[in-house]
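Undergrad: build me a model from this:
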Amino acid sequence: MLAYVALGSNLGDSCQIVTNAIVALDKLPNTRLGKASSLYRTAPLLPYRPQDSLPLPLSATQPDFINAVAALYTRLTPLNLLAALQAEETAQGRVRSIPNAPRTLDLDVLLYADARMCTPTLTLPHPRMHLRAFVLVPLSEIAPAELVIPGRGRLAAWLPAVAGQRISRL
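TA: Coordinates of the predicted model:
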């Protein structure tokens with residue numbers, strides 16, 4: 001199956017951490033790296049609240065993130081893929097203290113083929129991916145132009161909604 005994974009870091013040498021994580025994704029069991037986007041520098045966002053239409057920029061309390069998106073071909077189930085990603089986060093020094101805290105590595109399953117699921121540990125497609133430039137811009141770099149986010153429509157249709165979020169390609 002084709003899965004898309006978001007990568008992010010805002011602690012330590014984030015460029016190197018994200019680059020190392022891309023290499024590590026290709027070494028996951030029953031998984032092969034298809035493509036990886038460029039690295040992007042992005043501003044941290046306040047957590048999304050349902051009453052807001054988009055996440056809001058976070059104050060200068062956190063460093064900028066380095067983000068990318070990778071396409072993986074995997075025979076792992078969505079939940080097994082998530083478990084493998086969380087193991088890689090831990091291997092890279094991720095500590096889960098409080099929600100939205102700075103982190104060495106964050107790996108999120110964005111899409112898994114055209115799967116739609118909602119479990120206590122994984123929702124597909126990622127429920128806020130369409131609101132985040134740090135996901136949509138790198139995803140649009142490596143995904144087919146006609147990519148559809150299940151339940152949301154075409155990826156390209158969401159890009160204007162995040163145009164005001166700060167993101168720069170490295």
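
Undergrad: for residue 39, give me its contacts.
TA: Listed by C-beta atoms under 8 Å, 6 or more residues apart in numbering, the contact set of residue 39 reads 15, 18-19, 66-68, 169-170. For the C-beta atoms, the positions are set from N, CA and C on the backbone; glycine is no exception.

Undergrad: closest one to residue 42 out of the residues you listed, please.
TA: residue 67 (5.3 Å; C-beta to C-beta).

Undergrad: what sits up against stretch 129-137?
TA: By C-beta under 8 Å, 6+ apart, stretch 129-137 touches 6, 8, 40, 42, 45, 48, 54-55, 65, 67, 69, 110-111, 126, 139, 149, 152, 155, 158-159, 161-163, 165-167, 169.

Undergrad: and the contacts of residue 39, which two are furthest apart?
TA: Maximum distance among the contacts of residue 39 (C-beta to C-beta): 14.7 Å, for 19 and 169.

Undergrad: so which of those two has more stuff around it?
TA: residue 19 (17 against 11; other C-beta atoms under 10 Å).

Undergrad: buried residues of whichever strand or helix holds the more buried one, list them for me.
TA: Secondary structure from DSSP states H and E places residue 19 in helix 14-25. The neighbour-count check on helix 14-25 (16 or more other C-beta atoms under 10 Å) flags 14, 17-22, 24-25 as buried.

Undergrad: now those in TSV, with pLDDT and distance to residue 93?
TA: Output for these, formatted as TSV (pLDDT from 0 to 100; distance: C-beta to C-beta, whole Å):
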residue	pLDDT	distance to residue 93
14	96	12
17	96	8
18	97	13
19	97	15
20	96	11
21	97	11
22	98	17
24	97	13
25	98	17
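
Undergrad: what stretches of the chain score poorly on pLDDT?
TA: Applying pLDDT under 70 to the chain flags residues 46-61, 96-101.

Undergrad: where do the strands sit along it?
TA: Along the chain, the segments classed as strands by DSSP state E run 2-9, 31-36, 40-42, 65-74, 106-112, 117-118, 123-124, 148-149, 153-154, 167-169.
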